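Visitor: Pasted the sequence and its predicted model underneath.
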Amino acid sequence: MATAAPVQFGQYPPARRTLLHVSDTHLLAGNAPLGGRFDTAANLARTLEAAEATGIRPDAIVFTGDLTDLGEPEAYTALRAAVGPVAERLGAPVVWVAGNHDERPALRRDLLGLEPTEEPVTGVWDLGGLRLIGLDSTVPGWHHGDLDHGQLEWLRRELATPAPLGTILALHHPPLPSHVPLFDILELREQGRLADVIAGTDVRAILAGHLHYSTSGTFAGVPVSVAAATCYTMNLARPAADVNGMDAGQSFHLVHVYDDTITHAVVPVVDAPTGDVFSAEWVERMSRLTPEERLEAFSRKRR
């Protein structure tokens with residue numbers, strides 16, 4: 001897929017790195033409808049199609065957990081078959097993060113090609129100087145999250161040496177509060193231990209999922225961005241105690257890494273009429289003008 005060269009009209013140069021952040025696919029073997037209602041395979045296909053349509057070639061595609069709903073081997077095989085061709089066309093590595101609905105042995109064997117053990121699913125990726133670390137916040141047999149001593153000490157050792165463009169952490173359970181009572185029960189436990197490990201390091205952002213709605217906040221001074229699910233999302237337009245899932249609002253995030261900041265853009269997966277004022281041709285035409293001419297042609301208020 002051809003992509004246009006980055007263009008700078010304002011004070012910020014193009015992003016150094018770009019990530020595609022997807023979460024909570026919840027695939028089932030044989031594409032059984034999740035909860036009898038949600039076609040998770042079709043919703044994933046629509047999400048991947050929308051991501052590819054942006055024309056962006058990300059430096060990595062990050063899936064923050066609940067890759068399958070029941071941890072079935074066939075579901076992991078189907079997920080790999082769905083994502084693999086897209087990742088190959090985009091030329092991007094895929095980072096798989098385990099979620100509370102996943103089963104480590106099947107995930108390791110049928111998605112990663114590793115020994116089917118209960119060892120945490122972790123990894124480190126060097127994306128041209130940007131370090132991405134995948135953590136495993138799952139607790140086998142339970143839905144809440146935790147990071148054991150061994151994994152935290154491993155993380156501490158990895159972070160001892162800074163990366164040229166800093167570090168992004170990816171895990172399933174976000175270290176953030178939620179106003180939805182359900183998620184208080186299912187949160188990441190002992191969050192202070194993680195805060196102690198990342199204090200004073202080069203961690204610049206944390207990517208997470210789990211909540212089935214997009215949200216953001218800070219944890220130990222580090223920005224946290226939670227991507228909504230591809231399978232179904234939580235309808236927050238209800239009282240907190242009545243929040244439930246709906247087959248709408250699916251989205252993914254585009255993460256742009258700049259020298260001094262990281263942005264997380266929520267991209268809705270929706271078919272809707274869209275204007276045609278701006279285009280590649282418009283950008284090309286504006287790029288031929290001087291900054292003063294661009295201001296005159298576009299920025300001044302019209303009365």
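Guide: Thanks, I have the structure now. Since we're looking at a predicted model, the values are computed, not measured.
Visitor: can you give me the helices in the stretch 201-303 of the chain?
Guide: Remark: helices assigned in the stretch 201-303 of the chain by DSSP state H, counting those that start in this stretch are 280-287, 291-294.
Visitor: again, but for the stretch 51-200 of the chain
Guide: Using DSSP H, counting those that start in this stretch, helices in the stretch 51-200 of the chain cover 73-90, 104-110, 149-159, 181-185, 191-198.
Visitor: what does the first one contact?
Guide: Contacts made with helix 73-90 from outside it, assessed by Cβ atoms under 8 Å, 6 or more residues apart in numbering, are listed as 1, 20, 25, 27-31, 41, 44-45, 48, 51-52, 57-58, 61, 63, 67-69, 93-94, 106-107, 109-111. Every C-beta, even on glycine, is put in place using the N, C-alpha and C of the backbone.
Visitor: ok, of those, which come out buried?
Guide: 20, 25, 27-29, 41, 44, 48, 51, 58, 61, 63, 67-69, 94, 106-107, 109-111 (16 or more other Cβ atoms under 10 Å).
Visitor: Point out where the stretch 1-150 of the chain drops to low pLDDT.
Guide: 1-5 (pLDDT under 70).
Visitor: all strands for it, in order.
Guide: Counting by DSSP state E, counting those that start in this stretch, residue ranges of the strands within the stretch 1-150 of the chain are 17-22, 60-64, 94-97, 123-127, 130-134.
Visitor: So which of the ones you listed is nearest Phe183?
Guide: Among the strands of the stretch 1-150 of the chain, the nearest to Phe183 by Cβ to Cβ is strand 60-64 (14.9 Å).
Visitor: Note down every partner strand of that closest one and its orientation.
Guide: Using DSSP bridges, strand 60-64 pairs in its sheet with strand 17-22 (parallel), strand 94-97 (parallel).
Visitor: got those as CSV, with distance to Glu281 columns?
Guide: Formatted as CSV, the strands paired with strand 60-64 follow (distance: least, Cβ to Cβ, whole Å):
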stretch, distance to Glu281
strand 17-22, 23
strand 94-97, 33
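Visitor: winner for burial among the ones you listed?
Guide: Among those, strand 17-22 has the highest mean neighbour count (mean count of other Cβ atoms under 10 Å), at a mean of 25.
Visitor: so that one versus strand 130-134, what angle?
Guide: 20 degrees (axes from the mean of the first three to the mean of the last three Cα atoms, to 10 degrees).
Visitor: Just the CA trace of strand 17-22, in PDB.
Guide: Extracted in PDB, the C-alpha atoms of strand 17-22 (Å, rounded to 0.1, in the frame of the first residue of the first chain):
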ATOM      1  CA  ARG A  17       6.900   6.200  15.500                       C
ATOM      2  CA  THR A  18       3.300   5.100  15.000                       C
ATOM      3  CA  LEU A  19       1.500   2.200  16.700                       C
ATOM      4  CA  LEU A  20      -1.900   0.700  16.000                       C
ATOM      5  CA  HIS A  21      -3.500  -0.200  19.300                       C
ATOM      6  CA  VAL A  22      -6.400  -2.700  19.200                       C
END
